[in-house]
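Student: coordinates for the following, if possible.
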Amino acid sequence: MDIKVLGTGCAKCKTLEEVTRKAVEEKGIDATIEKVEDIMQIMTFGVMTTPALVIDGKVAVKGRVPSVDEIKKLL
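Tutor: As a prediction, the model looks like this:
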């Protein structure tokens with residue numbers, strides 16, 4: 001599974017990365033988590049508000065930080 005956390009480095013972006021890593025660990029999923037901070041790369045996903053979570057190339061969440069449980073359901 002390929003997961004990308006899109007964000008320029010704000011507090012919410014960092015929180016999203018932390019809760020995503022926790023959700024992946026709790027579910028025991030083999031996943032690659034990448035933090036994308038380049039605004040031009042973020043825009044290629046059609047995301048205008050960060051943070052955003054991309055799972056296997058599809059934007060799953062944008063503009064907010066979901067709970068660990070919500071991320072687990074998305075995975």
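Student: and the worst-scoring helix or strand of the chain on mean pLDDT, which residues are buried?
Tutor: Using mean pLDDT, DSSP states H and E, helix 39-43 stands out as the lowest-scoring helix or strand of the chain, at a mean of 94. Residues of helix 39-43 classed as buried: residue 42 (neighbour count, 16 or more other C-beta atoms under 10 Å). Using the backbone N, CA and C atoms, a C-beta is placed for each residue, glycine as well.
Student: show the subsequent helix or strand relative to that helix.
Tutor: Heading C-terminal from helix 39-43, the first helix or strand you meet, by DSSP states H and E, is strand 52-55.
Student: now do that next one: everything it contacts.
Tutor: Contact with strand 52-55 is made by 1-7, 16, 20, 42, 45, 59-63, 66, 71, 74-75, as judged by C-beta atoms under 8 Å, 6 or more residues apart in numbering.
Student: of the residues you listed, grab the buried ones for PyMOL.
Tutor: Filtering the contacts of strand 52-55 down to the buried ones (16+ other C-beta under 10 Å) takes a single PyMOL command:
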select buried, resi 3+4+5+6+7+16+20+42+45+60+61+62+66+71+75
